[in-house]
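In: Pasted the sequence and its predicted model underneath.
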Amino acid sequence: MMKKAISAYGQASIDLVVESASPHQLIVMLYEGAIKSVVTARFQMEQGKIAEKGAAISKAIAIIDDGLRLALDHEQGGELVENLDRLYEYLSFQLLNANINNDVDALSHVVALLTQLKEAWQSIGPNQLNSEALATTENNEALRDAASYGKA
């Protein structure tokens, strides 16, 4: 009974945070969730827990594909959005390959890229989030560099 109540409280707390978060904060939360899921997958992989590893990788892919990629504004974002879209696709592909091949290094690589993206996103203020600001603000150098990673 107590576990159920704590779980319900935790879910309500998360719902409240999401409802009150700005779009900028929501993106940071998506990055944090993806990173946490990949770190969990790496741990499960190292422990030989196949089902748990697969579930954590699936969760990370869902956050990337159904959260981060869907949040991209293709009409307004220009080249930066195209690059981010390709990067997110690359990350999902790396996660899929890591799952199939039990590749801990690939998971570490994905965590490093997601962390770089999260830090770059945090370095820009919510008031600078239009595509023109993203393209011209010096603070976004890391975001543009990370977004061009994996560009064909």
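Out: Received it, and whenever you're ready, just let me know what you need. Numbers count the residues shown, from 1 in each chain.
In: Could I get the average pLDDT for stretch 39-52?
Out: In this model, stretch 39-52 carries a mean pLDDT of 97.
In: got the buried residues for that stretch?
Out: For stretch 39-52, a neighbour-count test (16 or more other C-beta atoms under 10 Å) marks Val39, Thr40, Ala41, Arg42, Gln44, Met45 as buried. For every residue, glycine as well, the C-beta is placed using N, CA and C.
In: Dump these into TSV; add secondary structure and distance to Leu95 as well.
Out: TSV is the format used below for the buried residues of stretch 39-52 (DSSP: H, G, I helix; E, B strand; the rest coil; distance: C-beta to C-beta, whole Å):
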residue	secondary structure	distance to Leu95
Val39	helix	12
Thr40	helix	12
Ala41	helix	8
Arg42	helix	11
Gln44	helix	13
Met45	helix	11
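In: Spatially, which two of these are the most separated?
Out: Greatest spatial distance in those: Val39 and Met45, 10.7 Å, computed using C-beta to C-beta.
In: on that earlier part again, out of the buried residues of stretch 39-52, which comes closest to Asp85?
Out: Top of the list for closeness to Asp85, among the buried residues of stretch 39-52 and by C-beta to C-beta, is Ala41 at 22.8 Å.
In: Count the neighbours of the nearest residue to the closest one once chain neighbours are set aside for me.
Out: What sits nearest to Ala41 in space, not counting adjacent residues and going by C-beta to C-beta, 6 or more residues apart in numbering, is Ala56, at 3.7 Å. Using other C-beta atoms under 10 Å, Ala56 has 24 neighbouring residues.
In: ditto for Asp73
Out: 11.
In: Which pLDDT value goes with it?
Out: pLDDT for Asp73: 90.
In: Quick check: which element contains it?
Out: Taking DSSP states H and E as the definition, one finds Asp73 inside no helix or strand.
In: wait, it sits on Val81?
Out: Yes - between Asp73 and Val81 a contact is recorded at 6.3 Å, counting by C-beta atoms under 8 Å.
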